[in-house]
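> what shape does this take:
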Amino acid sequence: MKYIMNIQWLLLFIMIMSSNAFSQGIRKDYTEMTDDERIALMSAYWELGNDQNQNGPLGGLVGEIGDFHRDNFSDIHFNQRESDVFFAWHRQASVELQRAMKNELDNEWITIPYWDWTLSNSKSDALWGNNWIGPFNSAWGLNRSTFDSGGFPTQSDIDNALTETDFYTFSRSSVEQNPIHSWGHIWTGGTMSGGDSPKDPTFFFHHNMVDKIWAEWHDDETKSCPNNDCYVKTNMPRYDGTETNALGESLPSVDPDDIVDPRSLGIFYSDRANSLTTLNRYTVSNISTSSEKFGYQYKIEAMDDFLVPSGNDAEFRSCNVIELLPGFEAANGSDFHAFIGGCDISGERVGEEIIDNELMPLRNYPNPFTGQTTIEFTLSKDTPVTLFVSDAMGRQIAVLLNNDQKTEGIHSLTFDGNEYPAGMYYYTIQAGEYYGTQKMILAK
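Residues are numbered from 1 along each chain as shown. Just a heads-up that it's a prediction; the model follows:
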């Protein structure tokens, strides 16, 4: 078992995002999923597709999304700038299906992966085998007719598409009407080549790859839409109150501009080439679940304004590596856990807990201060403590405790700011497995 903890300082700069998050977690390539993740996902597909209370085979939300996509195809695809919702509709549909899967199996770790057809583009790939989505072909009458050779777009083709600076041109010409989107449907054939293509599990594997490309485009500040204002249309044909979905809900319409950043839905994509997932610019909100789950068998790094606020709950699981880097913050009063090893990511907690962030009072007074301030912390048990102060650039300027053994109870010490310029400073404590940081203002 291998793990790396790299916490030099935790910069408390919080960007609160407007979010209707469904705690989607980490979307990874299907080849990166553990056996437990695969089994849970396939079980969810079978359950939702074969729900006898929802019109038999392909009932439930699988069939319903397929029917809706077919019946509203012209409203979803190949639209003019004023009515385009191509990217947003498919992102939202994937979220709703995955949320139904979580509910069906009572498993918040379930994620629908992406199919990176630049690397897996043969009908002999594991994706089409008995352990994956192969059996659905005959069981659900999907009539796939995959080609002997791939012919899929390459990474170079994707890179070329990502150079487009105009969102609508990128959406329609570079992706939707390009083999980047169309070839996955054509190559798979059968149901995937028609309007009710969401009835084939291949659909969301493929469209999550398309969505990943959109996410990469959006993350490039030279190309993303100013203020996330990409769409002219303010709602889209998505279970917009005209019918009740398979979960028994009549859902409101969605403004596509609200979900142009995948983080607004709690979506993060793995980088298969580097076996890495970066979690950033996100605030855990627990809107749809009591605990937000982020599982990936390879390396997880959290950084750059990833916040677990006080009163909120989040959990990381990895088989190998978790790095908490500058900009990650699990605030006092949050419930944050991180586990490494065991590698049953989608089941019961297994492995070594490297972070157990329970309430540990940490404060300074006065704040702001003009000369000196008292830093106070409370320990629930005897433990060695390290406490240091960093400036606004993250540079460590003072070490107040260096792995000093402290007893259970309340402790306080003084930080003298007289020799430092006015500004924002951060004090960070490590006490056993606990890491926390707070900000203080030196005013002169």
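> so where's the stretch 101-250 of the chain shaky on pLDDT?
Low-confidence segments of the stretch 101-250 of the chain, defined by pLDDT under 70, span residues 238-250.
> what about the helices in it?
136-139, 155-161, 167-169, 179-188, 202-219 (DSSP state H, counting those that start in this stretch).
> pick the most buried one from these.
helix 202-219 (a mean of 22; mean count of other CB atoms under 10 Å). All C-beta spots, glycine's among them, are computed from the backbone N, C-alpha and C.
> picking that back up, for residue 233, which of the helices of the stretch 101-250 of the chain is the nearest?
Of all the helices of the stretch 101-250 of the chain, it is helix 167-169 that lies closest to residue 233, at 11.3 Å by CB to CB.
> what about residue 414, helix or strand, and which?
If you go by DSSP states H and E, residue 414 is part of strand 409-416.
> averaged pLDDT, that strand. What do you get?
Per-residue pLDDT over strand 409-416 has a mean of 91.
> buried sites along it?
Across strand 409-416, burial judged by 16 or more other CB atoms under 10 Å covers 411, 415.
> which strands or helices does the following helix or strand past it pack on?
Going down the chain from strand 409-416, the next helix or strand is strand 423-431, by DSSP H and E. In terms of contacts (3 or more CB pairs under 8 Å, 6 or more residues apart in numbering; DSSP states H and E), strand 423-431 is packed against strand 372-379, strand 383-391, strand 396-406, strand 434-442.
> residues in contact with strand 423-431?
With contact meaning CB atoms under 8 Å, 6 or more residues apart in numbering, strand 423-431 is reached by 7, 9-12, 360, 362, 364, 375, 377, 379, 383-392, 397, 400, 406, 415, 417, 435-442.
> quick check: pLDDT value at residue 442.
pLDDT, residue 442: 92.
> number of residues surrounding it?
21 (other CB atoms under 10 Å).
> give the contact list for it.
Residue 442 neighbours (CB under 8 Å, 6+ apart): 368, 369, 370, 417, 420, 421, 422, 423, 424, 425.
> end-to-end on stretch 195-208?
18 Å (CA to CA, to the nearest Å).
> stretch 402-410 too?
Termini of stretch 402-410 sit 18 Å apart (CA to CA).
> next: stretch 382-396.
Stretch 382-396: ends 26 Å apart by CA to CA.
> circling back: which of the helices of the stretch 101-250 of the chain sits closest to residue 270?
Per CB to CB, nearest to residue 270 of the helices of the stretch 101-250 of the chain: helix 202-219, 8.9 Å.
> compute the inter-axis angle for that closest one and helix 179-188.
170 degrees (axes from the mean of the first three to the mean of the last three CA atoms, to 10 degrees).
> I'd like to know which elements helix 202-219 is packed against.
helix 86-105, helix 179-188, strand 267-271.
> could you dump those into CSV and include distance to residue 338?
Shown next, in CSV, are these (distance: least, CB to CB, whole Å):
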stretch, distance to residue 338
helix 86-105, 21
helix 179-188, 35
strand 267-271, 15
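> of all these, which one comes closest to residue 157?
Across those, residue 157 has its closest neighbour in helix 179-188 (6.6 Å, CB to CB).
> now that closest one and helix 86-105, what's the angle there?
Calculated by the same axes, to 10 degrees, helix 179-188 forms an angle of 50 degrees with helix 86-105.
> hang on, residue 26 in a strand?
Yes - assignment of residue 26 by DSSP: H, G, I helix; E, B strand; the rest coil places it within a strand.
> does it really touch residue 277, like I thought?
Yes - counting by CB atoms under 8 Å, residue 277 is a contact partner of residue 26 at 5.1 Å.
> overlap of the contact sets of these two?
268, 269, 270, 294, 296, 300.
> closest to residue 313 out of those residues?
Of these, the one sitting nearest to residue 313 (CB to CB) turns out to be residue 294, at 11.9 Å.
> who's in contact with the closest one?
25, 26, 268, 277, 279, 300, 314, 315, 316, 317.
> just the element for it, please.
Assigned by DSSP H and E, residue 294 belongs to strand 292-295.
> in its sheet, what does the helix or strand just after that strand sit against?
Where DSSP H and E defines the elements, the next helix or strand beyond strand 292-295 is strand 299-302. With DSSP bridges as the test, strand 299-302 is paired with strand 276-279 (parallel), strand 321-324 (parallel).
> now do the first one: everything it contacts.
Translated: strand 276-279. 26, 28, 268-271, 294, 296, 298-303, 306, 328.
> switch the cut-off to 10 Å
Strand 276-279 is contacted by residues 25-28, 32, 263, 268-271, 294-296, 298-304, 306, 314, 316, 318, 321, 323-325, 328 when judged by CB atoms under 10 Å, 6 or more residues apart in numbering.
> tabulate the CA atom coordinates of it in PDB.
Below are the C-alpha coordinates for strand 276-279, written out as PDB (Å, rounded to 0.1, in the frame of the first residue of the first chain):
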ATOM      1  CA  LEU A 276      -4.900  11.200 -11.800                       C
ATOM      2  CA  THR A 277      -8.100  13.100 -10.700                       C
ATOM      3  CA  THR A 278      -7.800  16.700  -9.600                       C
ATOM      4  CA  LEU A 279     -10.500  18.000  -7.300                       C
END
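> what residue spans form the domains of this structure?
Using automatic domain parsing, the domain ranges for the chain come out as 25-259, 281-343+352-357, 362-442.
> hey, which of the ones you listed is tucked in deepest?
Comparing the domains of the chain by mean neighbour count (mean count of other CB under 10 Å), domain 281-343+352-357 ranks first with a mean of 20.
> just give me the lowest mean pLDDT stretch among the strands paired with strand 299-302.
strand 321-324 (a mean of 82).
> gap between that one and the chain center?
16 Å (CA atoms, centre = their mean, to the nearest Å).
> could you do stretch 252-260 as well?
With CA atoms, centre = their mean as the basis, stretch 252-260 stands 18 Å off its chain's centre.
> same question, stretch 320-328
15 Å.
> what is the end-to-end distance of it?
19 Å.
> what of stretch 266-283?
Stretch 266-283 end-to-end distance (CA to CA) = 9 Å.
> only the buried residues of it, if you could.
Of the residues in stretch 266-283, 266-272, 277-283 count as buried by neighbour count, 16+ other CB under 10 Å.
> if I pick the nearest residue to residue 184 once chain neighbours are set aside, what's in contact with it?
Nearest residue to residue 184, sequence neighbours excluded (CB to CB, 6 or more residues apart in numbering): residue 206, at 3.9 Å. Applying CB under 10 Å, 6+ apart to residue 206 gives the contacts 90, 114-115, 117, 181, 183-185, 187-188, 192, 197, 200.
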